[in-house]
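Student: Fold the stuff below for me.
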Amino acid sequence: MKTVKMTIESYYPSGWYELANDLLFEKFKKDRPHHNPKELDDDFYNLVVNQIFEYGEFANIEIEVDEDLNIVGGRIIPFKQ
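Tutor: Below is the predicted model:
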């Protein structure tokens, strides 16, 4: 089956921060057992979220679509490499 990839740039739905938090925060917290809890959220935002999503809110995404117009693959393209 034929597929085509396309990139959607600066996509701004609500929820990128929540997605990052749900998927990545526990590991971030576990890797910093002696980290100051008051600074943990700010550091997570600055060191993780802002490295993936521009301003923590915008993302470039790539989707792969098949002949039946089903999304069959994709990825978030990190804002900062």
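
Student: what residue ranges in this structure score low on pLDDT?
Tutor: Along the chain, the model assigns pLDDT under 70 to residues 80-81.

Student: Quick check: longest helix in it by residues?
Tutor: As assigned by DSSP state H, the longest helix anywhere in the chain is helix 16-30.

Student: For whichever helix or strand comes after it, name the packing helices and strands.
Tutor: Next along the chain after helix 16-30, taking DSSP states H and E as the criterion, comes helix 37-44. When contacts are defined as 3 or more CB pairs under 8 Å, 6 or more residues apart in numbering; DSSP states H and E, helix 37-44 packs onto helix 16-30. Any C-beta I mention is one placed from the backbone N, CA and C, and that applies to glycine too.

Student: Now do the helix it packs on against helix 37-44, angle only.
Tutor: 120 degrees (axes from the mean of the first three to the mean of the last three CA atoms, to 10 degrees).

Student: Now helix 16-30: buried residues?
Tutor: Buried residues in helix 16-30, counted by 16 or more other CB atoms under 10 Å: Trp16, Ala20, Asn21, Phe28.

Student: Tell me the one of those nearest Glu62?
Tutor: Distance ranking of the buried residues of helix 16-30 against Glu62, using CB to CB, places Trp16 first at 15.3 Å.

Student: Skipping adjacent residues, who's closest to the closest one in space?
Tutor: Once flanking residues are discounted, Trp16 sits nearest to Phe53: 4.7 Å by CB to CB, 6 or more residues apart in numbering.

Student: swap in Glu54?
Tutor: Per CB to CB, 6+ apart, closest to Glu54 is Phe79, 4.3 Å.

Student: how near is the one you found to Phe58?
Tutor: The gap separating Phe79 from Phe58 is 7 Å, by CB to CB, to the nearest Å.

Student: So for those two, which sits in the more crowded spot?
Tutor: Phe79 (17 against 14; other CB atoms under 10 Å).

Student: give the contact list for the residue nearest to Glu54.
Tutor: Asn50, Gln51, Ile52, Phe53, Glu54, Phe58, Ala59, Asn60 (CB atoms under 8 Å, 6 or more residues apart in numbering).
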